[in-house]
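**Q** Next input, structure requested:
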Amino acid sequence: MLRHHDFRLLLAGQTTSQLGAQVSGVAIPLLAVLTLDASPFELGLLSASSTLAFALIGLPAGAWVDRWRRRPVLVASDLIRCLLLATIPVAAWAGVLTVAQLIVVSLLTGFARVFFDVGYQSYLPTVVGKDQVLAGNSSLEAIRASGQVVGPGLGGWLVALIGAANVVLVQAVTFAVSAVCLLGIRTPEAAPRRTKDSMRVQIREGLSFVWRTRTLAALVLTSALGNFAFALASAVTMIFLIRDLGLTPTLVGLVLAGGSLTVVLGAATTPRLARRFGSARIIWLAPLVVGPFGALAPLTSADWPVWLIALVILIGTGAGEFGQIVYAITSVSLRQRLCPDHLLGRVNATTRFAIMALFPLGGLLGGVLGEYAGPRVTLAVALGLLAASPLPAYLALRGVRDVEQVAG
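**A** Sure thing, here's the model as predicted:
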């Protein structure tokens, strides 16, 4: 795949922007907690705002993407996110930054992200061909995950060095770099199919294809449950690690980065695991086997030695990340193979809508549950749901070894 010129550009852009996303993914919650003294509920709102757009425009975005060439959509999405994120350090320098601004910026960048995510998953088969989507997704995730390993630790260190607001500027710049890389891709993109169908008819066509295809419907349920659980946890994770366990921002970044090492391992070894266990079977097998390890985190206590707390969280995070990345690569690749190109934008949008629509609800419920039951109980509930999430995929794919055997 790395010999493919346009794939290298796609890879370079995504590696850069994902590194920036991981850096600011630590910086923005820390900015809310340390600088703006955000409450668990406010962090829940912040978490929910970043994904609310999937519930609001997720379905029509797919129909729009199928009506347009996909590369211009991706470039515009990157540039819009760059400009929006740049307002955070500007406001901080002026001394007027508030939690409300963080929520608004997260909401608006979420709208741009909807178009990018739908367009990106629809654009990859154009660049590499449908027969190479598993290898393409695996390569992208392996390199992206390298940024996930470096990013949190780098983000925590940079927050301590230059302040969280300034670190957000890093991500703004990386989105601009991603846009430049996309502009350099030379693979011709076919003109979108002309249609006189209304937006409602096109959206219904995408919905119908997903729910009539038994395997895709099951994967949507598995992904939705997993994302809901992650949203619950994300509302309280930083508070739990910093306030309940007493970890420093730098140590939080290092622990999260260390746990993400397994993302690199999982992404790099997914093709080999698919050959060994079956490209369909591994979809549910990987998260099912390693999911229970995530329950280790709520068992930790501030009375433990710091190194033991870090080790337990490292093991739990690493195991969960490994299973989820293998699932993500293989399930997306199966969807790209099953879906005809003219429907791919709408099918991706339908899937993303169903998966992400529960994310804002999960973030809000996580904030409320964290406020009244505490971060530890909230994490325990979330990680229990995450461990159960592979069940729908297992029921749909049991007895099937490889994706070539999947009829729908």
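**Q** how about the helices in the stretch 201-350 of the chain?
**A** 214-234, 237-239, 249-259, 261-277, 281-290, 306-338, 341-356 (DSSP state H, counting those that start in this stretch).
**Q** highest average neighbour count across those helices?
**A** Of all the helices of the stretch 201-350 of the chain, helix 341-356 has the most neighbours on average by mean count of other CB atoms under 10 Å, namely a mean of 25. In short, each C-beta sits where N, CA and C put it, glycine included.
**Q** what's the angle from the helix or strand just after that helix to helix 341-356?
**A** Elements were assigned by DSSP states H and E; along the chain past helix 341-356, the next helix or strand is helix 358-372. With axes from the mean of the first three to the mean of the last three CA atoms, to 10 degrees as the basis, helix 358-372 and helix 341-356 are set at 10 degrees to each other.
**Q** Buried residues, the helix or strand following helix 358-372. List them.
**A** Where DSSP H and E defines the elements, the next helix or strand beyond helix 358-372 is helix 375-388. Across helix 375-388, burial judged by 16 or more other CB atoms under 10 Å covers 375-376, 378-383, 385-387.
**Q** check contacts around Ala233.
**A** For Ala233, the contact set (CB atoms under 8 Å, 6 or more residues apart in numbering) comprises 366, 378-379, 382-383, 386.
**Q** that older thread, now the helices of the stretch 201-350 of the chain as CSV including mean pLDDT and distance to Thr87?
**A** CSV is the format used below for the helices of the stretch 201-350 of the chain (pLDDT from 0 to 100; distance: least, CB to CB, whole Å):
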stretch, mean pLDDT, distance to Thr87
helix 214-234, 87, 23
helix 237-239, 82, 22
helix 249-259, 74, 23
helix 261-277, 84, 30
helix 281-290, 87, 37
helix 306-338, 84, 31
helix 341-356, 77, 24
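**Q** got those helices as CSV, with distance to Gln202 columns?
**A** Listed next are the helices of the stretch 201-350 of the chain as CSV, based on distance: least, CB to CB, whole Å:
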stretch, distance to Gln202
helix 214-234, 17
helix 237-239, 38
helix 249-259, 40
helix 261-277, 32
helix 281-290, 28
helix 306-338, 18
helix 341-356, 6
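**Q** Which one of these lies nearest to Pro40?
**A** helix 237-239 (5.8 Å; CB to CB).
**Q** out of the buried residues of helix 375-388, what pair is the most spread apart?
**A** Farthest pair in those, by CB to CB: Pro375 and Ala387, 18.6 Å.
**Q** Among the helices of the stretch 201-350 of the chain, which comes closest to Ala76?
**A** Nearest of the helices of the stretch 201-350 of the chain (CB to CB): helix 341-356, 15.1 Å.
**Q** so how far is the closest one from its chain's centroid?
**A** 15 Å (CA atoms, centre = their mean, to the nearest Å).
**Q** Could you do stretch 385-394 as well?
**A** 18 Å.
**Q** Alpha carbons of it, as PDB, please.
**A** This file holds the C-alpha atoms of stretch 385-394, laid out as PDB (Å, rounded to 0.1, in the frame of the first residue of the first chain):
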ATOM      1  CA  LEU A 385     -21.900  -2.400  28.500                       C
ATOM      2  CA  LEU A 386     -18.800  -2.400  26.400                       C
ATOM      3  CA  ALA A 387     -18.000  -6.000  27.300                       C
ATOM      4  CA  ALA A 388     -21.500  -7.000  26.200                       C
ATOM      5  CA  SER A 389     -21.500  -5.000  22.900                       C
ATOM      6  CA  PRO A 390     -20.100  -7.800  20.600                       C
ATOM      7  CA  LEU A 391     -23.200 -10.000  21.100                       C
ATOM      8  CA  PRO A 392     -25.200  -8.700  18.100                       C
ATOM      9  CA  ALA A 393     -22.200  -9.200  15.700                       C
ATOM     10  CA  TYR A 394     -21.700 -12.700  17.100                       C
END
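**Q** what mean pLDDT does that stretch have?
**A** Mean pLDDT, stretch 385-394: 89.
**Q** neighbouring contacts of that stretch?
**A** 218-219, 221-223, 225-226, 228-230, 232-233, 283-284, 287-288, 291-292, 294-295, 320, 327, 331.
**Q** cutoff 7 Å now
**A** 218-219, 221-222, 225-226, 228-230, 283-284, 287-288, 291-292, 294-295, 320 (CB atoms under 7 Å, 6 or more residues apart in numbering).
**Q** swap in stretch 289-305?
**A** Counting by CB under 7 Å, 6+ apart, 244-246, 309, 312-313, 315-316, 319-320, 322-323, 376, 379-380, 383-384, 386-387, 390 sit against stretch 289-305.
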